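Chemist: Fold the following for me, if possible:
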Amino acid sequence: MSIFPRISLKPEVADYLKSVFLNKEVLAAVGHQEAECRFQKLLTCLSHPPSHTCVRASIHLAPLEEIRHKLAQELEKQQMCSSSAGEVSAQIVPHPRIPDVLLLPVDGPRPVKRLGSEVVVGAQCGGAVLRGAHVFVPGIVACPKYMKAGDAVSVLSDSEGRCTRGATSFHGSRVFVGNGVAQMDRSAIFCTDEPVKGIGVRMVEPLYQSPSFDGVLPDMAFLQNLPSVVVGHVLGPRPGERILDMCAAPGGKTCHIAALMRDQGEVVALDRIRNKIDRIRQNAQMLHLRSIKVYCFDSTRAVSSDPSPRAEGPPFPPESFDRVLLDAPCSGLGQRPNMSCTWSLKEICSYQPLQRKLFQAAVRLLKKGGVLVYSTCTVTLSENEEQIAWALETFPCLTLQAQEPHIGAEGMLGAGLSPEQLRLLQRFSPELTWDRTGTAAPLPCGADGDTIGFFIAKFLKT
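Modeler: Numbers count the residues shown, from 1 in each chain. Below you'll find the model as predicted:
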């Protein structure tokens, strides 16, 4: 159900995306009316949260049913402590095809009445609230002049990022995301020289009801988008292998790979941003995974010119890894909910060259007979199907492989790939099922269709 405006994009970006979704191959296949309808649905669904919360269960530590039971108990405690104690307990459903996934239907949009006292939060914070989070202090950009702890407030998202931090009110473009209770006075939020942490507004009437997982079974239940979990299974890691995650932060996929290997073997995680490296280590420690080795390194330079290894870490000799995951930096246009993207067309189109440099390194680092998985969380052709067409032409040693599980749609027309090649790709396209899914839709239809936008390709090197 649509209750928010379509995602706000710069006109040049909107025109570019329209040309992608109404390209000649698509128009020839489905016609102008259907292609236009899909594009408009994409713009709408991107500003709304997916219909299910996806939890990756740590089945390397405990059986799925045990984790499900513990999670139900924790969420029941959380509900009893909140003002929504009279509501129906959260339903927790195992995914029928993915053995380590639990799904929780999201209840929304709900009939919540807006209050007179308003707190304005950044767009990223507003998106997190729509997926079950409370409002943490760094996300607050404006609040009433005399706000005190305990005040009932409405929370609104600054969808275009134009509110001045510390303002007492804001009348620009904003979106109502629910009601909560202030946990701090205004003075504690803004009138301090030290950065303030913690919950600023505890949500009690969110527009979309989804459990908060803050501090809930941190070693057993890991919040992750469904397509991101699928990536780990498609890679197919096996115990004893040496696997490279080239762009690993924040480490969700890295940890999943190690868990699927039963923590036997070696998972090398690289990321070029130092403060993100600590997050990967923290996640690995929290999930009791010891097979992960983390390095701060630019993966475009991860191939050593020396064929004999000199040190344990990067750069590595060619053909050092059994499997490589390239979850590439991308424009992120598949993320949901996202009410506004302020990027220019130049920024949106800037990722393709970097992705190709990373891909070249990935192919060189992969052993013959090894598997390479390429993934993004965006919806453009240039970062997805066009990259696959380029890779197949550039590297004759690569062949596309079938993916398991394959719960998304096939690849998108427009890059000159054959029907057989498109069927081997996996594109999560929420616009294809928008308005046909929801909490009432039978599993796995609702959860599998109403996801973030995402893309996966699997290659074998011969």
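Chemist: now residue 435: how far from residue 33?
Modeler: Using C-beta to C-beta, to the nearest Å, residue 435 is found at 16 Å from residue 33. Using the backbone N, CA and C atoms, a C-beta is placed for each residue, glycine as well.
Chemist: Over to residue 95?
Modeler: Residue 95 is 34 Å from residue 33, by C-beta to C-beta.
Chemist: and if you look at residue 187?
Modeler: On the measure of C-beta to C-beta, residue 187 and residue 33 end up 56 Å apart.
Chemist: show me what contacts residue 172?
Modeler: With contact set as C-beta atoms under 8 Å, 6 or more residues apart in numbering, residue 172 has these partners: 158, 160, 162, 163.
Chemist: Which of the three states applies to it?
Modeler: coil (DSSP: H, G, I helix; E, B strand; the rest coil).
Chemist: Which other helices and strands does the helix or strand containing residue 121 contact?
Modeler: Per DSSP states H and E: residue 121 is located in strand 118-122. Counting contacts by 3 or more C-beta pairs under 8 Å, 6 or more residues apart in numbering; DSSP states H and E, strand 118-122 is packed against strand 140-142, strand 152-158, strand 174-182.
Chemist: Confidence-wise, which of the contacts of residue 172 comes last?
Modeler: Minimum pLDDT across those is recorded for residue 160, with 85.
Chemist: How many residues are close by that residue?
Modeler: 14 (other C-beta atoms under 10 Å).
Chemist: so what's it closest to, chain neighbours aside?
Modeler: Once flanking residues are discounted, residue 160 sits nearest to residue 173: 4.8 Å by C-beta to C-beta, 6 or more residues apart in numbering.
Chemist: the longest helix in the protein is where?
Modeler: Determined from DSSP state H, the single longest helix within the chain is helix 64-81.
Chemist: coming back round to it: quick one, which of residue 95 and residue 33 is more surrounded?
Modeler: Neighbours per residue (other C-beta under 10 Å) separate residue 95 from residue 33, with residue 95 holding more: 24 against 9.
Chemist: Correct me if wrong: residue 218 contacts residue 286.
Modeler: Yes. Contact criterion C-beta atoms under 8 Å: residue 218 and residue 286 qualify, at 5.6 Å.
Chemist: Show the subsequent helix or strand relative to the helix or strand harbouring residue 127.
Modeler: According to DSSP H and E, residue 127 maps onto helix 123-130. Counting by DSSP H and E, the next helix or strand C-terminal to helix 123-130 is strand 135-136.
Chemist: Give me the residues contacting that following strand.
Modeler: Contacts of strand 135-136 (C-beta under 8 Å, 6+ apart): 119, 121, 125, 129, 155, 180, 197-203.
Chemist: Mind listing the strands that strand pairs with, and their directions?
Modeler: When pairs are called by DSSP bridges, strand 135-136 turns out to pair with strand 199-206 (antiparallel).
Chemist: how big is the angle separating the strand it pairs with from strand 152-158?
Modeler: 100 degrees (axes from the mean of the first three to the mean of the last three C-alpha atoms, to 10 degrees).
Chemist: Might you quantify the distance of strand 199-206 from its chain's geometric centre?
Modeler: Its chain's C-alpha centre and that of strand 199-206 lie 23 Å apart, by C-alpha atoms, centre = their mean, to the nearest Å.
Chemist: go on, stretch 92-106?
Modeler: 17 Å.
Chemist: Enumerate the positions of stretch 367-377 that are buried.
Modeler: 367, 370, 371, 372, 373, 374, 375, 376, 377 (16 or more other C-beta atoms under 10 Å).
Chemist: Just the ones of those residues in strands?
Modeler: 367, 370, 371, 372, 373, 374, 375, 376 (DSSP state E).
Chemist: Local confidence estimate at the residue nearest to residue 160?
Modeler: Looking at residue 173, its pLDDT stands at 89.
Chemist: Could you do residue 79 as well?
Modeler: 76.
Chemist: Kindly report the same for the one 5 residues further on.
Modeler: Looking at residue 84, its pLDDT reads 50.
Chemist: Filter the contacts of residue 172 down to just the buried residues.
Modeler: Buried members of the contacts of residue 172, counted by 16+ other C-beta under 10 Å: 158, 163.
Chemist: Dump the contacts of residue 172 to a markdown table, plus distance to residue 75 and secondary structure.
Modeler: Shown next, in a markdown table, are the contacts of residue 172 (distance: C-beta to C-beta, whole Å; DSSP: H, G, I helix; E, B strand; the rest coil):
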| residue | distance to residue 75 | secondary structure |
| --- | --- | --- |
| 158 | 30 | strand |
| 160 | 34 | coil |
| 162 | 36 | coil |
| 163 | 33 | coil |
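Chemist: can you name the two of the contacts of residue 172 that are farthest apart?
Modeler: Maximum pairwise distance in those, criterion C-beta to C-beta, is 8.8 Å, between 160 and 163.
Chemist: Can you name the element that comes right after the lowest-mean-pLDDT helix or strand in the chain?
Modeler: Within the chain, no helix or strand scores below helix 445-449, which has a mean of 86 by mean pLDDT, DSSP states H and E. Counting by DSSP H and E, the next helix or strand C-terminal to helix 445-449 is strand 454-461.
Chemist: average pLDDT across stretch 186-193?
Modeler: Mean pLDDT, stretch 186-193: 89.
Chemist: And that stretch, what's buried?
Modeler: Within stretch 186-193, the residues that count as buried by 16+ other C-beta under 10 Å are 186, 188, 189, 190.
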